[in-house]
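1. coords below, sequence missing:
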Ligand code: 5GP
């Protein structure tokens with residue numbers, strides 16, 4: 001029997017009751033899903049890497065004044081977080097066209113956008129998380145105008161910070177997804193950053209080779225997802241030991257050849 005109370009189980013994470021009121025434990029799984037869970041699989045070690053990457057990013061965001069749910073990492077797969085009421089929106093920030101915007105509007109993947117775009121998707125698995133306008137958000141009262149203002153200004157600051165953080169390690173931040181929650185203090189609440197920031201919810205392209213270092217490797221059957229996630233962690237300086245060596249060259253061709261199987265025998 002489990003000694004902890006499970007509060008919620010999502011596709012990539014489990015939330016357990018925390019040690020104190022108002023806290024939760026966020027457990028990172030290796031499970032990966034795509035296309036509204038039509039495609040399922042596992043990426044070995046993903047939970048461990050995402051826990052570390054998300055800890056790192058949330059800690060650095062806190063340093064620039066972004067309020068977040070993160071309290072501290074507990075172990076390889078778990079972190080202690082503040083309990084929030086999740087606002088039912090996926091906030092997507094885009095710098096470069098890729099994925100659904102390319103499909104929807106016929107813009108070639110890799111085309112830089114004239115300016116950063118923020119999009120909102122209504123969080124509802126049964127509906128496939130549809131794109132919504134700010135008018136829908138106001139009309140159905142998913143959040144207030146004041147909360148929308150806080151969310152959009154935090155999203156822009158987070159994007160500015162993360163573009164620089166990734167550019168410094170030769171990674172192009174193409175787009176990413178954020179989630180926010182309400183933290184209550186008596187009758188008042190404020191919006192803070194929640195969920196996670198990891199290669200599961202970001203598009204990260206190597207600046208020199210264009211190699212994808214994110215979940216698109218899984219979504220698009222490219223192979224090498226474990227290596228790609230580890231590479232992001234390594235460049236951020238989060239892997240202990242030999243992996244942090246500056247001379248290491250990232251080579252996904254090894255992973256790709258494993259995916260394809262051995263080369264054909266010469267006649
Ligand atoms: P797109 O709308 O192009 O599919 O996704 C835009 C960005 O948001 C990508 O970086 C993608 O990883 C992220 N994203 C959108 N929806 C989800 C989601 O439901 N889960 C995760 N992990 N990321 C998402």
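-> Nice, I can see it. Just so it is clear, the model here is predicted, and its values are computed rather than measured.
2. pLDDT at the closest residue to the ligand within the chain, what is it?
-> Residue nearest to the ligand within the chain (CB to the nearest ligand atom): residue 99, separated by 2.3 Å. Yep, even glycine has a C-beta here, placed from its N, CA and C like the rest. Residue 99 carries a pLDDT score of 98 in this model.
3. from residue 224, how far out is it?
-> Counting by CB to CB, to the nearest Å, the gap from residue 99 to residue 224 is 19 Å.
4. show me the contacts for the residue of the chain closest to the ligand.
-> By CB atoms under 8 Å, 6 or more residues apart in numbering, residue 99 lies in contact with 109, 175, 203, 216.
5. got a winner among those residues for most neighbours?
-> Among these, residue 175 has the most neighbours (other CB atoms under 10 Å), with 24 neighbours.
6. now that residue. Its backbone dihedrals?
-> Residue 175 adopts backbone torsions of phi -160, psi 170, taken as degrees, to the nearest 10.
7. show me the beta-bridge partners of the nearest residue to it once chain neighbours are set aside.
-> Spatial nearest neighbour of residue 175, excluding adjacent residues (CB to CB, 6 or more residues apart in numbering): residue 94 at 4.2 Å. Beta-bridge partners recorded for residue 94 (DSSP bridges): residue 117, residue 175.
8. residue 94: what's it in contact with?
-> Residue 94 neighbours (CB under 8 Å, 6+ apart): 101, 113, 116-119, 174-175.
9. quick check: the two most widely separated of these?
-> Using CB to CB, these span at most 14.5 Å, a distance reached by 118 and 174.
10. so between those two, which is more surrounded?
-> residue 174 (24 against 15).
11. distance to the ligand added to the contacts of residue 94, as a markdown table?
-> Formatted as a markdown table, the contacts of residue 94 follow (distance: CB to the nearest ligand atom, whole Å):
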| residue | distance to the ligand |
| --- | --- |
| 101 | 6 |
| 113 | 12 |
| 116 | 13 |
| 117 | 10 |
| 118 | 11 |
| 119 | 7 |
| 174 | 7 |
| 175 | 4 |
